[in-house]
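Asker: 3D model of this:
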Amino acid sequence: MHCHLLIPGLFPPFRPETRNTLRDLSLPALVTLLARGSQKTLPDGSMDEWLCRTFGVEKRHDWPVAAFTLLANGGNPGSDFWLLAEPVHLQLQRDRLVLADSGNLDITQEEANSLTAALNEHFADEGLSFFPTRAGHWHLRLAHPPAHLKTHSLETAVGRNIRNILPSGPDGKRWHSILNETQMLLHRHPVNEAREERGLLPVNSIWPWGGGVLPSNLTPHFVHIWADSALTRGLAAATDTPCANVPETAVEWLHATQGRSHHLVVLDALRTPALYGDVHLWRETLLHLEKDWFWPLRQALSRDKISRLTLYAFDSGQARSFSVSRTDLWKIWLRKKPLEAYFGEA
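Answerer: Have a look, this model is predicted:
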């Protein structure tokens, strides 16, 4: 059995002075797997891109992430063109316009319903239909698909000056106008007035990305998928691949796993603390993964319960894989390195 383990946020772009807090981390299983594994730099810039490529999804101007995440949330994308329209807060910092996503906003479903209803009324003539799929994650159906619209993922935009990563291409200017109208509408909405009275950040814009139509005739690549992320679960649904939530530990996963083919597991608990630079939460989460996942998987590999383990790390537009077999564990001449030695490697 070959286990493909996706770990976004494993090598985050923490500042050099911050990395000093990582030097006493005890991660014997993880550093062994990294040292003994065959390392490759992948062409994919993100986990989303890797997933789409692996499942045979064709990229037009964007990867059609919105359609798959809608499918994962019980929606029916049909043959329509969809965008993610993530609710965000934009803050002017001198000459920079910086984005904070819904993870910092604590939006309620009632607020999401009210805000999207106002947007739907305003943009009805434009053929835009907003759906508050979840309180912090909205989808947008376009009656008139754009001829060429290039967007950037929300993860790319969080905490950054967004002026240079706004929607672009021949349809970019139209979307700049749509975003301006959205910001004016949301600025004076009663929901945001009430939020500000309670000391909460207003939801003063949206972030559109991941546009496209749900592709057909995709073929399964894994016999089973274990993931909590919406894109992964949407890809599983589109390919009729059995999918389950990620177990708490690798021991539970091994007990539930059958067969000797390819299995996909997505461990994304490091993604949020890495994205927001929360070193302490990232550190504690990694220690739990070492105990609950990396150590049991190393043991399972050495006992031939799995034939190969491939770890995939996605950070700051870089993707790397580390593939290790049972016999690779005996290559003791491959010296182990501390985890921070992998940070920033291309």
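
Asker: Where does pLDDT dip in the chain?
Answerer: For the chain, the stretches flagged by pLDDT under 70 are 17, 19, 259, 344-346.

Asker: got the contact list for the helix ranked longest in it?
Answerer: For the chain, the longest helix by residue count, based on DSSP state H, is helix 172-187. Residues from elsewhere that reach helix 172-187 (Cβ atoms under 8 Å, 6 or more residues apart in numbering): 90, 115, 118-119, 122-123, 126, 128, 146, 149-150, 166-167, 192, 202-206, 208. C-beta coordinates here come from the backbone N, C-alpha and C atoms, glycine included.

Asker: roughly how far is the longest strand along the chain from the heart of the chain?
Answerer: Longest strand in the chain, counting residues (DSSP state E): strand 81-93. Mean-position distance between strand 81-93 and its chain equals 15 Å (Cα atoms, centre = their mean, to the nearest Å).

Asker: ok, now stretch 56-71?
Answerer: Centre-to-centre, stretch 56-71 and its host chain are 13 Å apart (Cα atoms, centre = their mean).

Asker: that older thread, buried members of the contacts of helix 172-187 into PyMOL, please.
Answerer: A single PyMOL command selects the buried members of those (16 or more other Cβ atoms under 10 Å):
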select buried, resi 90+115+118+119+123+128+146+149+150+166+167+192+202+203+204+205+206+208
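
Asker: and residue 57, that one's in a helix?
Answerer: No: using DSSP: H, G, I helix; E, B strand; the rest coil, the assignment for residue 57 is coil, not a helix.

Asker: Now do the same contact list for the nearest residue to it once chain neighbours are set aside.
Answerer: Distances taken as Cβ to Cβ, 6 or more residues apart in numbering put residue 215 closest to residue 57, at 5.7 Å, once the chain neighbours are dropped. With contact taken as Cβ under 8 Å, 6+ apart, residue 215 is in contact with 57, 58, 64, 238.

Asker: now the angle between strand 81-93 and the longest helix of the chain, please.
Answerer: Here the directions of helix 172-187 and strand 81-93 differ by 60 degrees (axes from the mean of the first three to the mean of the last three Cα atoms, to 10 degrees).
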